[in-house]
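Trainee: I would like to see how this sequence folds:
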Amino acid sequence: QVQLVESGGGLVQAGDSLTLSCAASGRPFSDYATAWFRQAPGKEREFVAASSWLVGNKYYADSVQGRFTMSGDSAKNTLYLQMNALKPEDTAVYYCAADYGGTSIPATTVSEYSYWGQGTRVTVSS
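Mentor: Modelled structure (predicted):
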């Protein structure tokens, strides 16, 4: 199993940058497919970015492509989501997720992930 703890959320202005972290304890991230999702008030949880198991192929939602970058530090067993050019519509609670194993194709749906963090809130003011 793996335990996930997100941090780094906060209140920023449109156009600002923010980096979220997801620290993992237990098994190393290299054993898992990983992803970031977000959930805005009154909306369903939606996919943001994913990294496939082993090869680490990345895939991004169209809404964040070119602005967000997902990365990891294996020495720290920590995932990151670098968010640039933030928009008010990026306001949400952001969650990291992991699932053991997988394929080289990044998984993009909530049901494909078994382990979730508690979330970190990001608010972007206009």
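Trainee: Next, name the residue at the spatial heart of the protein.
Mentor: In the chain, the centroid-proximal residue (C-alpha atoms, centre = their mean) is residue 36; its distance is 2.1 Å.
Trainee: roughly how far apart are the closest residue to that one other than its chain neighbours and residue 22?
Mentor: Nearest non-adjacent residue to residue 36, counting by C-beta to C-beta, 6 or more residues apart in numbering: residue 48, 4.3 Å away. Where C-beta positions appear, they are placed from N, C-alpha and C, glycine not excepted. From residue 48 across to residue 22, the span is 12 Å (C-beta to C-beta, to the nearest Å).
Trainee: what is in contact with the two at once?
Mentor: Shared contacts of residue 48 and residue 22 (C-beta atoms under 8 Å, 6 or more residues apart in numbering): 36, 81.
Trainee: and those two? which has more neighbours close in?
Mentor: Using other C-beta atoms under 10 Å as the criterion, residue 48 and residue 22 rank with residue 22 on top: 27 against 24.
Trainee: where does the chain have low pLDDT?
Mentor: Along the chain, no part satisfies pLDDT under 70.
Trainee: Could you report the neighbour count for the closest residue to residue 35 other than its chain neighbours?
Mentor: Excluding its sequence neighbours, the residue lying closest to residue 35 (C-beta to C-beta, 6+ apart) is residue 50, at 3.9 Å. Neighbour count for residue 50, taken as other C-beta under 10 Å: 25.
Trainee: Residue 31 now?
Mentor: Neighbour count for residue 31, taken as other C-beta under 10 Å: 15.
Trainee: Give the bridge partners for the residue nearest to it when sequence neighbours are not counted, please.
Mentor: In this structure, residue 31 finds its nearest non-sequential neighbour in residue 100, 6.2 Å apart by C-beta to C-beta, 6+ apart. Note on residue 100: beta-bridge partners by DSSP bridges are residue 32.
Trainee: Brilliant, that's me finished.
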